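Q: take this sequence and fold it.
(2 chains, ligands or ions: 2)
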Amino acid sequence: MSSTLETAANPQILKRIAIDPLTRVEGHGKVTLLQDDNNNIKQARLHITEFRGFEKFIQGRPYWELPVLVQRLCGICPVSHHLAAAKATDMIVSASELTPTADKIRRLMHFGQTLQSHALHFFHLCSPDLLFGFDDDVRHRNIVGVIEDHPEIARQGVLLRKFGQEIIRITSGKRIHGTGAIPGGVNKSLSKSEVAYLQADVQQVIAWAQDAVQLVKKVFFEHYDYHQAFASIESNMMSLVRPDGAFELYDGGLRARDIRGNSIFDHVDYRQYEEYIRENVKNWSYMKFPFITSLGEEDGWYRVGPLARVNNCDFFGTELAEQERIQFMAIGNGLPVQSTLAFHWARLIELLHCTEAIAEILEDKDLRGKELVNKGELVCCGTGVIEAPRGTLFHHYEINDEGIVEKASLIVSTTNNNQAMNESIRKVSSQYLDGNELSEALLNQVEVAIRAYDPCLSCATHAMGKMPMEISLLDANNELIDRLEKNSSGQINRTL
Amino acid sequence: MSTEKTFRLDGRDIPFIEGDTVMDAALRAGEYIPHLCHNPEFPPHGSCRVCVVDVNGRHQCSCTLPADENMDVDNSSEAITDVRRSLLQMLFVEGNHTCPGCEKSGACQLQAVAYNTRMLNPHFTHFFPKRSIDASHPEIVFYYNRCILCGLCERVSRDIDKKSVFAITGRGINSKLEFNSLSGKLGDTELSADDKAASVCPVGAILPKYKGFEVPIGERLYDTKPISVVGDVAANHSAEDSVLGNADEYSSDE
Ligand code: SF4
Ligand code: FES
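A: Ligands and ions are numbered 1, 2, ... in the order given. Model prediction:
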């Protein structure tokens, strides 16, 4: 053996690489379709390679670190976890009410986060589908295509997102993984110049958000029947609402409505969520399946996120978003809007609301207040629930008398939508499956359906929308009949 | 004037007095030599080796090396920085130094010295040891993950506080910090929050309880200026960082 391989000349410039058995395989969207004896799709399974063990990872850590620690759970919406954990730790330190400054700083941070997340999702991941149609060449149907054909829209998307990120940076110290919220409050307020800096752009941002809503609406109405029918399923909807029924993202009571829009529960104190929601485990998925307890496993599944929130709220607290909500609800003819592609429309109404709400909150002098933290007795447990960009997010912690977390339970937004995503995939596949062969069109449509939910899978945002996917078809005897794979450059191969 | 003794450090004459170490004289002259286990308030220990310098062609530990007139000290060449960086990389992989989840981040001497040596990655394979947290003390929390065994708390508790709360036991890779109590728990030792030993830790191993991330990003010790300008963590310890007046909110003795 040559000794040059054993002793390198400059070891300090070499990187040592250990192949760790825990190294995760790149996330794929993996779908299995199961047929019955008559070759009808009886079940679709979206296998989510979600990183598990969050709860274990948090155990044994001090509660006062939680808001910062949990941001590591998810690189896609860290601010949501940051705020949900902060709310749970508020309860642990008995801060039943935050100071006006802390409350408003956190709300501002959350609006910024929702704005940037929605802008990213829409402009980078969905606008190619919507602008070019789902039948467009995959090589063109991506963000690069949007930049070439619609440079102004692409530019606005980037700037909208950047504005949201700037809010996060200013409220938490960094664009990602900052430290703003702490148990009982926040660690900083805003300076005069920081407020002025954000105010300088906010009117422009509102105008862009309005354009974005018009764009999504136009696309929806141009292909109205298609949009109404595509992957459309009838589901219950759950979200937080303000005590007066208004749209709410940061704090409120839980509201669930059935497919006809009738109340299942309303203004539920989220600390009691475990009485209203249970989780089911299925042997083929790592992700749990939550359901509304009173309706049972079969019928109790629901949707969360923009579609649920816009359907569920009685009104928006800001003018422009409220006008848009009224037009949106009109397509339901008195019933909740169930179209899965309407997620995009609802998402942009929310984006518009965020921009208006940001403009409003920036006028508030409390943002510059000095009272940052409120604390009382230390108690054993805390629950924090917020509306993350993708839907309702639950954090619950129990601590021991040394202040160390003994138990943590989380339900993330994507988990809440788990059953609904599977149902939507089943619907699309039934529509597009022809015989026993999977087609490129089918694969594309399944991808579009998954993306509408904006699931926080690493694969969903992979390479700016070039989601690697694998789709398999199994017959009634569980035999593999066909399989298609799409790699991240959009190339599709039959890998049977 | 002519009687003043000097040695050369990076081409500059550094005056020293009898009994000075190279570190003492350099720091007094405003020359920063990276160090972790050394705290100028206490006698040198010479254990971390991060203060390594090249003296007349030999690597020496500046915090323990008596200054001498014939010395030509290299404190800043790429070669000596490489050596320090490797030592730091070993420290980083030996423990679990996950800066993003650490309260001390931005005000940590280990992190600041790593920046000083332009360390950009851990280079070696992480050991990922399984280490816990001791939160049994009413006012102080101890993170085994972050201890770099610099021995400062041990020395200070023994020599200044006269309590000998801490001791490094074991040898080599099996060394670890232990607490002087029957249960082995920090909460059962005599450590008190106003002990000097409670505030000498250069990293985030000994921290006040119930407190985290209260100093916003941008206002932490090393956020705007490097350690060569700001100095050590312990030298910048202010009343505000004190564990006093914080934990009394929740300490559960009564
Ligand atoms: S706890 Fe801190 S001061 Fe004590 S040995 Fe470890 S690193 Fe040094
Ligand atoms: S500082 Fe000199 S050996 Fe640690």
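Q: whichever residue of the stretch 351-496 of chain A sits closest to chain B - how many residues pack around it?
A: Of all residues in the stretch 351-496 of chain A, the one sitting closest to chain B is A:E402 (4.0 Å; C-beta to the nearest C-beta). Bear in mind the C-beta positions are built from the backbone N, C-alpha and C, glycine included. Other residues within reach of A:E402, judged by other C-beta atoms under 10 Å in any protein chain shown, total 18.
Q: next, give phi and psi for it.
A: Backbone torsions of A:E402, given as degrees, to the nearest 10, read phi -90, psi 0.
Q: cool, and A:K56?
A: Comment: the main-chain dihedrals of A:K56 come out as phi -70, psi -40, following degrees, to the nearest 10.
Q: quick one: residues contacting A:Y302.
A: Residues near A:Y302 by C-beta atoms under 8 Å, 6 or more residues apart in numbering or on different chains: A:235-238, A:256, A:290-292, A:308, A:416, A:420.
Q: excluding its backbone neighbours, what's nearest it?
A: With sequence-adjacent residues excluded and distances taken as C-beta to C-beta, 6 or more residues apart in numbering or on different chains, A:Y302 is closest to A:N236, at 3.9 Å.
Q: A:A256 is in contact with that neighbour, correct?
A: Yes: applying C-beta atoms under 8 Å, one finds A:N236 in contact with A:A256, separated by 5.9 Å.
Q: mutual contacts of the two, please.
A: Common contacts of A:N236 and A:A256, defined by C-beta under 8 Å, 6+ apart, comprise A:264, A:292, A:302.
Q: before we move on, the earlier item: what sits closest to the residue of the stretch 351-496 of chain A closest to chain B if chain neighbours are left out?
A: Counting by C-beta to C-beta, 6+ apart, B:A135 is the residue found nearest to A:E402 once chain neighbours are left out, at 4.0 Å.
Q: same check on B:M119?
A: Nearest non-adjacent residue to B:M119, counting by C-beta to C-beta, 6+ apart: B:R85, 5.0 Å away.
Q: can you check my assumption that that neighbour lies in a helix?
A: Yes: following the definition DSSP: H, G, I helix; E, B strand; the rest coil, B:R85 is counted among the residues of a helix.
Q: what pLDDT does it get?
A: Residue-level confidence at B:R85 comes out at 97, pLDDT.
Q: which ones are touching it?
A: Listed by C-beta under 8 Å, 6+ apart, the contact set of B:R85 reads A:12, B:114, B:117-119.
Q: could I get the buried residue list for stretch A:422-430?
A: A:422-429 (16 or more other C-beta atoms under 10 Å in any protein chain shown).
Q: export those residues as JSON lines, with columns for pLDDT.
A: Converted to JSON lines, these look like this (pLDDT from 0 to 100):
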{"residue": "A:N422", "pLDDT": "89"}
{"residue": "A:E423", "pLDDT": "91"}
{"residue": "A:S424", "pLDDT": "91"}
{"residue": "A:I425", "pLDDT": "89"}
{"residue": "A:R426", "pLDDT": "88"}
{"residue": "A:K427", "pLDDT": "89"}
{"residue": "A:V428", "pLDDT": "88"}
{"residue": "A:S429", "pLDDT": "86"}
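Q: where do the domain boundaries of chain A fall?
A: Per the record, chain A has its domains at A:11-49+A:428-494, A:52-97+A:374-416, A:98-177+A:188-232+A:353-368, A:237-248+A:255-338, by automatic domain parsing.
Q: now chain B
A: Here the domain parsing of chain B from automatic domain parsing is B:5-76, B:95-253.
Q: select from the ones you listed the stretch with the lowest mean pLDDT.
A: Across the domains of chain B, the lowest-scoring stretch is domain B:95-253, with a mean of 89.
Q: briefly note if that domain comes near ligand 1.
A: Yes: for domain B:95-253 and ligand 1, the contact criterion (C-beta under 6 Å from any ligand atom) is met by B:147-153, B:166, B:177, B:200-201, B:203, B:205-206.
Q: can you tell me if that domain touches ligand 2.
A: No: Domain B:95-253 does not reach ligand 2 (C-beta under 6 Å from any ligand atom); its nearest approach is 6.9 Å.
Q: hang on, the earlier thing: most neighbours out of the contacts of A:Y302, which is it?
A: Neighbour counts for those, by other C-beta under 10 Å, peak at A:N416, which reaches 30 neighbours.
Q: spatially nearest residue to the residue in the stretch 151-254 of chain B that chain A sits nearest to (excluding sequence neighbours)?
A: Of the stretch 151-254 of chain B, the residue with the smallest distance to chain A, taken as C-beta to the nearest C-beta, is B:I217 at 2.7 Å. The spatial neighbour of B:I217 that comes closest, neighbours along the chain excluded (C-beta to C-beta, 6+ apart), is A:G173 at 2.7 Å.
Q: from what I can see that neighbour touches A:T179, true?
A: Yes: counting by C-beta under 8 Å, A:G173 does reach A:T179; the two are 5.6 Å apart.
Q: for the residue nearest to B:G184 when sequence neighbours are not counted, give the beta-bridge partners.
A: With C-beta to C-beta, 6+ apart as the criterion, B:G184 has its nearest non-adjacent residue at 6.7 Å, and that residue is B:E178. Listed by DSSP bridges, the beta-bridge partners for B:E178 are B:A167.
Q: just to check, B:E178 is in contact with B:S164?
A: No: B:E178 lies out of contact with B:S164 (C-beta under 8 Å); the separation is 11.1 Å.
Q: helices or strands next to the longest helix seen in chain A in the packing?
A: Counting residues, the longest helix in chain A under DSSP state H turns out to be helix A:192-222. Using 3 or more C-beta pairs under 8 Å, 6 or more residues apart in numbering or on different chains; DSSP states H and E as the contact criterion, the neighbours of helix A:192-222 among helices and strands are helix A:127-132, helix A:151-172, helix A:319-330, helix A:342-362.
Q: closest one to B:N236 among these?
A: B:N236 sits nearest to helix A:151-172 of all the helices and strands packed on helix A:192-222, at 24.0 Å, using C-beta to C-beta.
Q: alpha carbons only: can I get that closest one in CSV?
A: Only the C-alpha atoms of helix A:151-172 are listed here, as CSV (Å, rounded to 0.1, in the frame of the first residue of the first chain):
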residue,chain,number,x,y,z
PRO,A,151,-39.5,39.2,-14.5
GLU,A,152,-41.6,41.8,-12.6
ILE,A,153,-43.6,39.1,-10.8
ALA,A,154,-40.5,37.3,-9.9
ARG,A,155,-38.8,40.5,-8.6
GLN,A,156,-41.8,41.3,-6.5
GLY,A,157,-41.8,37.8,-5.0
VAL,A,158,-38.2,38.1,-4.0
LEU,A,159,-38.7,41.6,-2.5
LEU,A,160,-41.9,40.6,-0.6
ARG,A,161,-40.0,37.7,0.9
LYS,A,162,-37.0,39.9,1.7
PHE,A,163,-39.3,42.4,3.6
GLY,A,164,-40.6,39.5,5.7
GLN,A,165,-37.0,38.4,6.4
GLU,A,166,-36.0,41.9,7.4
ILE,A,167,-38.8,42.0,10.0
ILE,A,168,-37.5,38.7,11.4
ARG,A,169,-34.0,40.0,11.5
ILE,A,170,-35.0,43.2,13.3
THR,A,171,-37.2,41.5,15.9
SER,A,172,-35.0,38.5,16.5
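Q: check contacts around the residue nearest the centre of chain A.
A: For chain A, the residue whose C-alpha lies nearest the mean C-alpha position (C-alpha atoms, centre = their mean) is A:R390; its distance is 2.3 Å. Shown in contact with A:R390 (C-beta under 8 Å, 6+ apart): A:77, A:117, A:304-305, A:413-414, A:417, A:453-456.
Q: name the nearest of these relative to ligand 2.
A: Within these, distances to ligand 2 taken as C-beta to the nearest ligand atom reach their minimum at A:C77, with 42.1 Å.
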